[in-house]
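Trainee: next come a sequence and a model predicted from it.
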Amino acid sequence: MTERPALRRPARAARPAGLTPRAAAVARVVTGIAAVSLLSGCTVIPVPAAGTGSGAVAATSSGTTTSTTPAGSSQPGQPSSAGPSSTTAEPSTTADPSGTAEPLAAASAAATLTEFLDFPDLTPLLVPSPDPEVLTPLLDEALTVQDGSVSAAVRDGLTGELLYDQGADTAVVPASAVKVLTAVAALEVLGPDHRYTTAAVGRPAGPEGTAVVLEAGGDVMLGTGVNADEANGRAGLGTLALRTAEALQAQGTTGPVSVQFDDSGYEGPTASPDWSSDIVSSGNASAVQPMATYGGRAVPSRDTDRLHDPALYAAEVFRDQLAAHAQTLGVDITLAAETSRVPADAAPVESASAGPASPDPTATGSASAEPEPESSGTELASVQSAPLAEQMAYMLQTSDNQVAEATGRNLALAAGAPGSFAGAAQTIEETLAGLEVDTTGLALVDASGLSGKNLVSASQLTGALQVATTTPDLEMAATGLPVAGEQGTLEQRMVGTEAAGNVQAKTGTLSSVASLTGMVQTEDGRTLLFSFVANNQPGVLTNARFAVDRGAVVLAGCGCR
């Protein structure tokens, strides 16, 4: 298999020396707090509101200020659901007996600092965080289950402070909450703009024949037709076939042509021995291969069965499309009726740690490539996936296991590890540790959460979200989560509650596990990160699902001071 860009780590912009994402975020917050404290006792001259004259804003003595400058209320990683509003106060030269002057001065200082010094929005610093002593009994009651146990953690989204702890450091089975960890690691290793390339390569086949080899590049969200706007199906095999037919025509190819495919990029079993025996037969996942259509399905609908051999199906679709386009263009070739895998001993030896650049010179992380050996053939055409950030949002919204497992292997190969279940798990753990998430007791065996042998604590899940919400390149691991009552796997949950349209969270379900991990804004506008994991649940999970949902609803309606 010729190396594809999915099998390497793209070039990334270097961070300032010595600053991890968490440390950088904390430094910015501390600097902001100091600046607000300094400016809150000074006279502040805000920026005049649009359409006002220079005399429309009055600055008063220390402790009192008036401003028409709006201060937004967005928390890191989660936009505010309501737009900023302007508040105009009447000028006053008298003392403020209500005691509200000091917060107003601080808010004006924060807005001014944000505007003129290019600081992040400091207004969230002024939004109160829940009092743990008030919050704890409310969550204790909400998270009560009839059987089994619940582990839970709630963090302040701005400071990372642990506000609620119910076995937060205990390693438990998280189910699909593992996908949050996979998304964070993939965005860190590959980068949010990374695209997978699927290529058609022409090689000599005998004295007069030609072999067109479809080379897998790690994209398991290929489409069967033309390139699509959606992430699922963005790179279309129909488009690739048309471009390939045009290339064959341009180079004057005639005679017999066979279609082969090279999906040799991964190693180890294609289904985890740590999964339940019915995982594949039930359609929760199929053979994990570096090429597939629609996450291992023949059509984009998630109500259809997964394919037994996704890579073979993709090659057959490409072959049929190539035959049709060649006939339309009048290319004088005769296509073999069957497709076949490139024999393992015929595939080029591959380096997992580094590979050639994408054929698209504008692709993120492209670099100068070494010339391919003549025996590897000539690239005829290629198509590229949606950016990784879009694929991760799709994976989180739909809880797609196939996409998660392929992503785990892709990031492992890019980091220099084997493209296997073990390689993916190891790389995810190491990447999280490098992002300063405490990985003590963390034990992964897959990238999707399908195995009951995965062990992750609620504290680690919220810690990973904390990193995602404070690191721009990783934010899709948080902002791409389903929305309660509106989107993804939460569309039918918490409908009509204060959590609807507010809570963004990853669901998790196994036969005895129900979990919910995500973020929410309190009624005061403070962002909280939470993870509720119910283990050892009997039979139907209704009671456990209600419990974790109740916990999220409590946070959404919480002032808790």
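Mentor: Cool, the structure landed.
Trainee: gap between S277 and N284?
Mentor: From S277 over to N284 the distance is 12 Å, taken as C-beta to C-beta, to the nearest Å. C-beta here means a position set from N, CA and C on the backbone, and glycine is covered the same way.
Trainee: comparing those two, which residue is more hemmed in?
Mentor: N284 (17 against 9; other C-beta atoms under 10 Å).
Trainee: just the pLDDT for that one.
Mentor: We have a pLDDT of 92 for N284.
Trainee: what count of nearby residues applies to the closest residue to it other than its chain neighbours?
Mentor: Using C-beta to C-beta, 6 or more residues apart in numbering and skipping the chain neighbours, the partner closest in space to N284 is N401 (5.6 Å). When neighbours are defined as other C-beta under 10 Å, N401 has 26 of them.
Trainee: show the contacting residues for N401.
Mentor: By C-beta atoms under 8 Å, 6 or more residues apart in numbering, N401 lies in contact with 176, 284-285, 448, 450.
Trainee: top of those residues by neighbour count?
Mentor: Within the contacts of N401, neighbour counts (other C-beta under 10 Å) peak at S448, which reaches 30 neighbours.
Trainee: got the phi/psi numbers for Q166?
Mentor: When read as degrees, to the nearest 10, the backbone of Q166 gives phi -130, psi 90.
Trainee: hey, what's it bridged with?
Mentor: Beta-bridge partners for Q166, by DSSP bridges, are A152.
Trainee: my guess is it contacts A142. True?
Mentor: No: contact criterion C-beta atoms under 8 Å: Q166 and A142 do not qualify, at 10.9 Å.
Trainee: just give the closest residue to R550, not the sequence neighbours.
Mentor: Closest to R550 by C-beta to C-beta, 6+ apart is A142, at 4.0 Å.
Trainee: what's around the one you found, how many residues?
Mentor: Neighbours of A142 (other C-beta under 10 Å): 20.
Trainee: one more: Q460?
Mentor: By other C-beta under 10 Å, the residues close to Q460 number 26.
Trainee: got the CA positions of the helix or strand hosting it in CSV?
Mentor: Here Q460 sits within helix 458-469, counting by DSSP states H and E. Provided in CSV are the C-alpha atoms of helix 458-469 (Å, rounded to 0.1, in the frame of the first residue of the first chain):
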residue,chain,number,x,y,z
ALA,A,458,-15.5,10.8,35.3
SER,A,459,-12.7,13.2,36.3
GLN,A,460,-10.6,12.1,33.3
LEU,A,461,-13.6,12.7,30.9
THR,A,462,-14.2,16.2,32.2
GLY,A,463,-10.5,16.8,32.2
ALA,A,464,-10.3,16.0,28.5
LEU,A,465,-13.3,18.3,27.9
GLN,A,466,-11.5,21.1,29.8
VAL,A,467,-8.6,20.8,27.5
ALA,A,468,-10.9,20.8,24.4
THR,A,469,-12.8,23.9,25.5
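Trainee: and the next element down the chain from it?
Mentor: Where DSSP H and E defines the elements, the next helix or strand beyond helix 458-469 is helix 476-479.
Trainee: how about residues contacting that next one?
Mentor: Identification of contacts with helix 476-479 by C-beta under 8 Å, 6+ apart yields 77-79, 180, 183-184, 187, 192, 389, 392-393, 396, 464-465, 468-469, 504, 518-519.
Trainee: isn't V259 up against V342?
Mentor: No: counting by C-beta under 8 Å, V259 does not reach V342; the two are 10.8 Å apart.
Trainee: who has more neighbours out of those two?
Mentor: A count of neighbours by other C-beta under 10 Å puts V259 above the other of V259 and V342, at 24 against 21.
Trainee: re the thing from before, which ones among the contacts of helix 476-479 map onto helices?
Mentor: Residues of these located in helices (DSSP state H): 180, 183-184, 187, 389, 392-393, 396, 464-465, 468-469.
Trainee: kindly reformat the residues you listed as a markdown table containing neighbour count and pLDDT.
Mentor: Listed next are the ones in helices among the contacts of helix 476-479 as a markdown table, based on neighbours: other C-beta atoms under 10 Å; pLDDT from 0 to 100:
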| residue | neighbour count | pLDDT |
| --- | --- | --- |
| V180 | 30 | 98 |
| A183 | 30 | 98 |
| V184 | 26 | 98 |
| L187 | 26 | 98 |
| A389 | 24 | 98 |
| M392 | 28 | 98 |
| A393 | 21 | 98 |
| L396 | 30 | 98 |
| A464 | 30 | 98 |
| L465 | 30 | 98 |
| A468 | 29 | 98 |
| T469 | 26 | 96 |
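Trainee: using JSON lines, lay out the residues you listed together with distance to T239.
Mentor: Putting those into JSON lines (distance: C-beta to C-beta, whole Å) gives the following:
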{"residue": "V180", "distance to T239": "32"}
{"residue": "A183", "distance to T239": "27"}
{"residue": "V184", "distance to T239": "31"}
{"residue": "L187", "distance to T239": "27"}
{"residue": "A389", "distance to T239": "22"}
{"residue": "M392", "distance to T239": "23"}
{"residue": "A393", "distance to T239": "23"}
{"residue": "L396", "distance to T239": "27"}
{"residue": "A464", "distance to T239": "36"}
{"residue": "L465", "distance to T239": "37"}
{"residue": "A468", "distance to T239": "33"}
{"residue": "T469", "distance to T239": "36"}
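Trainee: what about the strands in the chain?
Mentor: Ranges of strands in the chain, per DSSP state E, are 149-156, 162-166, 197-205, 209-215, 255-262, 333-341, 378-384, 504-510, 513-521, 527-535.
Trainee: could you check the angle helix 458-469 makes with the shortest one?
Mentor: Direction vectors for strand 162-166 and helix 458-469, defined by axes from the mean of the first three to the mean of the last three C-alpha atoms, to 10 degrees, enclose an angle of 150 degrees.
Trainee: other SSEs contacting strand 162-166?
Mentor: The criterion is 3 or more C-beta pairs under 8 Å, 6 or more residues apart in numbering; DSSP states H and E, and the helices and strands that strand 162-166 contacts are helix 132-142, strand 149-156, helix 458-469.
Trainee: now with 7 Å?
Mentor: Strand 162-166 is packed against helix 132-142, strand 149-156, with contacts defined by 3 or more C-beta pairs under 7 Å, 6 or more residues apart in numbering; DSSP states H and E.
Trainee: mean neighbour count, these: which tops it?
Mentor: Highest mean neighbour count of the helices and strands packed on strand 162-166: strand 149-156, a mean of 24 (counted as mean count of other C-beta atoms under 10 Å).
Trainee: what's that strand packed up against?
Mentor: Using 3+ C-beta pairs under 7 Å, 6+ apart: strand 149-156 touches strand 162-166, helix 458-469, strand 527-535, helix 542-556.
Trainee: which among those is found nearest to V383?
Mentor: Shortest distance between V383 and those, using C-beta to C-beta, is found for helix 458-469: 29.1 Å.
Trainee: neighbours of the closest residue to Q426 other than its chain neighbours, how many?
Mentor: Of all residues not flanking Q426 in the chain, A417 sits nearest, at 5.9 Å (C-beta to C-beta, 6+ apart). Counted with other C-beta under 10 Å, the neighbours of A417 add up to 20.
Trainee: list the contacts of the closest residue to A324 other than its chain neighbours.
Mentor: Take A324 and drop its neighbours on the chain: the residue closest to it by C-beta to C-beta, 6+ apart is A241, 7.6 Å away. Counting by C-beta atoms under 7 Å, 6 or more residues apart in numbering, A241 touches 318, 321-322, 325.
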